[in-house]
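Undergrad: show me how the following folds:
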Amino acid sequence: MILKNVEKKENNTAAFVVESDAAEFEKAVNDAYRKNRSSISIPGFRKGKAPRAVIEGMYGPEVFYQDAMDELAPAAYEFGLKESGLKTVGAPSISDVNITDDRAVAYTFSVSVYPEVTLGQYKGVEALKPSADVTDEDVEAELNATRKRNARMIDI
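TA: Down below sits the predicted model:
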């Protein structure tokens, strides 16, 4: 996989493009074929026993592309995150997927990133600490209030 470009946008968002090569895509298409072949019925073949070339000839060569792209997308996202060094917030969204003529797949991910924060002068700032003076009368008043609140009258 190759990280093509990283573009930081406004509102703490970024977009990056990750391209996987044809060999990775071909492996993903084979995995998608193996996963889905048991549910495809082709006349003249037992269910799940039709070769990939026959299925692609009947339904088109792109029949397994969506499952293959779904399988490659998480790995491409993780690779792009690691290579770009972005700190993301939340889940990514795939804004564009392109398959080139040589069967390489390019994913464009849009992500939200942590905002950049610049700190001002914070050293030497002082704050007033309020004093809490508690007298014996305050303690007695609180104890009496607690006694009254928890007292019970029992008739004997």
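Undergrad: so how far is Arg149 from Asp138?
TA: With distances taken as C-beta to C-beta, to the nearest Å, Asp138 is found 17 Å from Arg149. The C-beta positions use only the backbone N, C-alpha and C, and glycine is treated the same way.
Undergrad: neighbour-wise, which of the two wins?
TA: Higher neighbour count among Asp138 and Arg149: Asp138, with 10 against 7, using other C-beta atoms under 10 Å.
Undergrad: could you check the pLDDT of Asp96?
TA: The model reports Asp96 with a pLDDT of 78.
Undergrad: using CSV, write out every CA atom in stretch 130-147.
TA: What follows is stretch 130-147, C-alpha atoms only, in CSV (Å, rounded to 0.1, in the frame of the first residue of the first chain):
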residue,chain,number,x,y,z
PRO,A,130,-11.2,30.9,49.9
SER,A,131,-10.7,30.0,53.5
ALA,A,132,-13.1,27.7,55.2
ASP,A,133,-13.3,28.6,58.9
VAL,A,134,-15.4,26.1,60.9
THR,A,135,-16.3,26.9,64.5
ASP,A,136,-17.5,24.6,67.2
GLU,A,137,-21.0,26.1,67.0
ASP,A,138,-21.2,25.1,63.3
VAL,A,139,-20.2,21.5,64.1
GLU,A,140,-22.8,21.3,66.9
ALA,A,141,-25.5,22.8,64.7
GLU,A,142,-24.8,20.2,61.9
LEU,A,143,-24.7,17.3,64.4
ASN,A,144,-28.1,18.4,65.9
ALA,A,145,-29.6,18.7,62.4
THR,A,146,-28.4,15.2,61.6
ARG,A,147,-29.8,13.8,64.9
